[in-house]
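> requesting a structural model of the entry that follows:
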Amino acid sequence: MNATAAQPTEFAPAFCEGIQYYADTWPGFAEHAARPAIAEGAGAIADAGDPDAAYQTLLMADALRYLTLQVCGGKASGHPGGFASSAEAYAALVMLGHTNIVTEVGHHAPGFYSAMFLDTSLEEMGIRTVAEMMARFRERHGLLGHLSGAIPGLLAPAGPLGQGQHFAMAGAMLHPGTLFPVTIGDGGMGEPYVLNSMMHFNTAYPTVTNYLPTLIWNGYSQEHHSMCATWSNEQMAAYWRGHGFEKVVLVNAKDYDDTRQVGEYVDSSRFGLGARLAFAGAVLRGMDEAARSALSGTRTAFIVKQLKGAGVHKLGAKAHNLYPADTLDAEHMVEGLQRRALPPEAWAITRENFRRAGGGPAVKTAVTEHVLKIAELPELPINEFKVGDKQVPATAFGALAAFVGLNDPRFVVCNADGNEASAMANINQALKIRHPVEDPLYNQTPTGQVYEPLNEDACAGLAAGLALFGGRSLWLSYESFAINGWPIVQTVAQAMAELRRKTPSLITMFTAGALEQGRNGWTHQRPEIENYFAAQMRNGNVYPLFPCDANQIQVAYEWALGTYNKGVAIIASKSPLPVYTTLEQAREGVEKGAVSLYESANGKQTVVFAVTGDMALLPVFEAKDRLEAQGHRVRIVSAANPRRLYRPTDVSWGTVSEPDNAFMDDDRFNALFDGDALIAVSGGPGGPLEPIMLRTRAAKRDMFVWQRGETTATPGEIMAFNGITGEAMAERATVLLA
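The predicted structure follows:
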């Protein structure tokens with residue numbers, strides 16, 4: 001089939017404006033493409049064995065390849081190679097009407113954008129022609145280089161490897177009966193926890209089978225051969241079966257090769273047309289078999305084996321990325337585009353199939369294009385503890401989490417290290433750990449709502465996926481270990497900032513083990529992640545909360561449950577600690593950002609302590625006693641919601657979905673933090689205290705914060721090791737005042 005430079009033609013649909021090359025009509029086109037294989041109103045082909053369907057699946061795959069390459073070439077930037085080897089698999093899913101597709105591979109973005117262009121979803125953002133898509137690719141307010149769920153029709157973001165399967169599993173849980181395919185690259189399969197997370201899910205939720213991992217096994221990763229490139233087909237199938245998949249459907253392009261290509265991975269686009277159609281038909285039938293199996297209660301995986309870069313400008317890892325020399329007028333790019341060019345009438349029928357698949361364009365039909373209806377919660381049974389009592393903040397929080405789960409059957413609590421170890425056994429007692437072994441001693445049942453893989457990535461991933469897809473969830477962890485799962489929380493929080501719909505905020509609670517885990521030593525003393533949270537505050541929709549006691553943590557959770565499209569990290573202790581606030585004061589601290597816990601009746605000079613956290617207040621009150629004995633006035637302020645303490649210009653609040661411009665005004669801020677000296681205190685690092693240090697008018701100021709961990713017998717000893725003592729604070733305040 002010959003290709004020539006595109007000429008104005010009455011046969012080319014208007015959306016084709018910008019296409020550089022068209023081809024002659026394919027042999028058999030009149031016979032197999034007289035009408036769209038997906039009938040009007042059908043949403044999917046009627047028969048996966050229909051030769052017309054196989055023919056049009058191949059047209060669709062080449063259309064995706066062509067657009068992917070030309071769009072990337074327009075900027076000499078982007079990643080065409082990985083998606084190219086998935087084109088038949090993606091096209092088969094669309095032909096079968098399964099369009100709620102997510103991916104683990106951010107580098108497949110231009111292929112996914114091409115699909116959304118062809119089904120008209122991108123018209124929602126003003127992209128109606130190929131020329132417009134090229135102009136907006138990898139540009140601000142356009143099609144960013146890696147996937148975003150903000151793009152019309154796309155369900156979830158994809159950037160860091162190892163995340164996409166979480167979105168597919170969450171979608172399957174929230175939408176029984178709908179298939180959620182997730183494409184996974186063999187280069188990224190070595191990323192920690194991809195198969196591991198699915199194995200635990202398969203064990204915990206054996207009846208949730210309506211997600212379909214689709215491995216694009218092309219032999220290469222980003223810059224070299226994939227680590228599983230030497231595996232046999234039997235080894236690969238066994239690997240998936242070993243992770244809980246009862247059925248594995250594998251289609252290997254090499255079985256259809258009529259060109260005698262060398263190696264285990266071949267480029268099907270080099271086959272003769274008959275062999276290409278046979279391969280496309282095999283993928284279509286295999287995908288249909290896999291999809292029906294998954295939707296019928298069998299844990300199923302689909303694998304397509306085809307050389308990376310099949311059908312684009314280069315092969316193998318060299319096809320992965322475009323560089324400045326890979327322009328549209330470069331000889332190898334021209335050759336690649338001409339080989340994939342389609343006749344104008346093929347573009348027309350391909351678009352019609354895309355528009356009809358799944359019941360309409362993805363922007364109208366994808367499950368994430370609509371707000372998910374979830375259970376309404378009654379008023380939370382907040383327990384007002386008496387000021388001065390000692391209560392465990394984590395346990396008070398757990399009671400409310402249990403209440404939420406009892407009133408929302410789809411609510412899931414994720415915890416790798418165990419709720420009992422974090423003083424939240426009440427969650428397990430009420431909601432039960434989801435486990436195939438029924439055992440009341442350990443609060444285990446196969447229908448529990450507490451998901452406990454010993455893997456923070458798997459915990460964070462499922463919780464994040466559920467929140468992004470519209471459900472309530474909660475990730476609990478030790479602060480020390482949270483870093484292992486935080487990257488997907490960061491990804492989803494950013495995605496929520498871009499969403500065109502409301503979704504419940506992603507809520508996490510981390511027990512602040514740095515000051516509590518002395519006997520365990522520095523392995524359990526890693527509060528530095530609080531600086532990570534602090535840096536994200538400026539994004540506009542991330543809120544680290546530092547409740548000062550058992551009353552305020554309840555209010556903090558109540559507040560978080562009432563928010564949308566935000567990432568909320570609550571940090572609190574699991575030790576009995578004094579209650580400092582009434583519920584009214586607690587709410588003031590969370591909603592306004594900070595609240596005064598104590599102020600001396602009189603004194604010659606005023607020392608202000610600005611504190612994040614609960615246990616760190618113990619040495620602060622000790623310092624207060626020392627300073628008052630010297631005749632000074634002391635004010636102790638709990639900074640419960642430091643994001644609200646920034647100035648509006650410090651935070652990108654106006655750029656996010658569900659914007660929140662509630663910041664403490666100058667008069668209130670100064671009334672709380674003005675003094676002759678200000679000392680900022682944290683049991684963790686100093687990042688969360690930044691808004692206070694930026695705004696304070698106190699010329700004399702200092703910080704007492706975390707330095708490093710060590711094995712100690714008591715919280716007091718670890719605080720002393722870090723210089724966080726009442727004596728040291730009082731001495732420093734005295735020096736500042738002098």
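
> select the longest helix from the protein.
With DSSP state H setting the assignment, residue counts place helix 51-75 as the longest helix in the chain.

> pull the distance from it to the chain's centre.
Helix 51-75 has its C-alpha centroid displaced from the chain centroid by 28 Å (CA atoms, centre = their mean, to the nearest Å).

> how about stretch 641-657?
22 Å.

> against which helices or strands is the longest helix of the chain packed?
helix 29-32, helix 81-84, helix 87-95, helix 109-118, helix 130-136, helix 273-295, helix 331-340, helix 344-356 (3 or more CB pairs under 8 Å, 6 or more residues apart in numbering; DSSP states H and E). The C-beta positions use only the backbone N, C-alpha and C, and glycine is treated the same way.

> buried set for it?
52-75 (16 or more other CB atoms under 10 Å).

> and after the host helix or strand of Ala401, which helix or strand comes next?
Ala401 is part of helix 393-407 when elements are defined by DSSP states H and E. Per DSSP H and E, the first helix or strand lying C-terminal to helix 393-407 is strand 412-415.

> and the helix or strand just after that following strand, what's buried?
Sequence order places helix 425-431 as the next helix or strand after strand 412-415, per DSSP H and E. By neighbour count on 16+ other CB under 10 Å, the buried set for helix 425-431 is Asn426, Ile427, Asn428, Ala430, Leu431.

> before we move on, what about stretch 407-419?
Asp408, Arg410, Phe411, Val412, Val413, Cys414, Asn415, Ala416, Asp417, Gly418, Asn419.

> circling back to that earlier point, any idea of the mean pLDDT for the longest helix of the chain?
Averaging pLDDT along helix 51-75 yields 97.

> tell me the angle it makes with helix 344-356.
100 degrees (axes from the mean of the first three to the mean of the last three CA atoms, to 10 degrees).

> residues near Asn383, how many?
Here the number of neighbours of Asn383 (other CB atoms under 10 Å) works out to 13.

> rebuild the helices and strands packed on helix 51-75 as JSON lines, extending it with distance to Ser197 and mean neighbour count.
Putting the helices and strands packed on helix 51-75 into JSON lines (distance: least, CB to CB, whole Å; neighbours: other CB atoms under 10 Å) gives the following:
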{"stretch": "helix 29-32", "distance to Ser197": "41", "mean neighbour count": "14"}
{"stretch": "helix 81-84", "distance to Ser197": "21", "mean neighbour count": "32"}
{"stretch": "helix 87-95", "distance to Ser197": "22", "mean neighbour count": "30"}
{"stretch": "helix 109-118", "distance to Ser197": "22", "mean neighbour count": "28"}
{"stretch": "helix 130-136", "distance to Ser197": "34", "mean neighbour count": "20"}
{"stretch": "helix 273-295", "distance to Ser197": "17", "mean neighbour count": "22"}
{"stretch": "helix 331-340", "distance to Ser197": "36", "mean neighbour count": "18"}
{"stretch": "helix 344-356", "distance to Ser197": "31", "mean neighbour count": "21"}
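
> pLDDT weak spots in this structure?
1, 3-10, 190-192 (pLDDT under 70).

> domains for it, by residue range?
Domain assignment of the chain by automatic domain parsing yields the ranges 3-369, 390-737.

> quick one: the shortest one to chain centroid distance?
With CA atoms, centre = their mean as the basis, domain 390-737 stands 22 Å off its chain's centre.

> what helix or strand is Met236 on?
Assigning secondary structure by DSSP H and E places Met236 in helix 233-241.

> what residues does that helix touch?
By CB atoms under 8 Å, 6 or more residues apart in numbering, the residues outside helix 233-241 that reach it are Leu195, Pro213, Leu215, Trp217, Cys228, Trp231, Val248, Leu250, Asn252, Ala301, Ile303, Lys305.

> report the buried residues of that helix.
Using 16+ other CB under 10 Å as the test for burial, helix 233-241 gives Asn233, Met236, Ala237, Tyr239, Trp240.

> please, which helix or strand holds the nearest residue to Ala44 once chain neighbours are set aside?
Excluding its sequence neighbours, the residue lying closest to Ala44 (CB to CB, 6 or more residues apart in numbering) is Gly97, at 2.9 Å. Assessed by DSSP H and E, Gly97 sits outside every helix and strand.

> report the contact partners of Gly97.
Ile38, Gly43, Ala44, Ile45, Ala357, Gly358, Gly359 are the contacts of Gly97 under CB under 8 Å, 6+ apart.

> of the residues you listed, which is the nearest to Met537?
Gly358 (38.9 Å; CB to CB).

> that closest one and Met95 touch, don't they?
No. The criterion here is CB atoms under 8 Å, and Gly358 misses it with Met95 at 10.2 Å.

> overlap of the contact sets of these two?
Taking CB under 8 Å, 6+ apart as the criterion, Gly358 and Met95 both touch Ala44.

> show me what the residue lying closest to Arg732 once chain neighbours are set aside is bridged to.
Among residues not flanking Arg732 along the chain, Asp702 sits closest, at 5.6 Å (CB to CB, 6+ apart). Counting by DSSP bridges, Asp702 is bridged to Ile679.

> so Asp702 touches Ile679, yeah?
Yes. Using CB under 8 Å, Asp702 makes contact with Ile679 at a distance of 5.3 Å.

> anything in contact with each of these two?
Arg732, Leu736.

> contacts only, for Thr509.
Slight slip there: residue 509 is Met, not Thr. Ala394, Phe397, Ala401, Leu474, Trp475, Leu476, Tyr557, Ala569, Ile570, Ile571, Ala572.

> swap the cut-off to 7 Å and go again
Phe397, Leu474, Leu476, Ile570, Ala572 (CB atoms under 7 Å, 6 or more residues apart in numbering).

> which one of the residues you listed is nearest Cys548?
Out of the contacts of Met509, the member with the shortest distance to Cys548 (by CB to CB) is Ala572, at 9.0 Å.

> one step back: which of the contacts of helix 233-241 fall within strands?
Counting by DSSP state E, those place Pro213, Leu215, Trp217, Val248, Leu250, Asn252, Ala301, Ile303, Lys305 in strands.

> got TSV for the domains of the chain, with distance to Leu377 too?
Formatted as TSV, the domains of the chain follow (distance: least, CB to CB, whole Å):
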stretch	distance to Leu377
domain 3-369	17
domain 390-737	5
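
> Phe279 and Ser268 touch, don't they?
Yes. The pair Phe279 / Ser268 is scored as a contact, 4.9 Å apart, by CB atoms under 7 Å.
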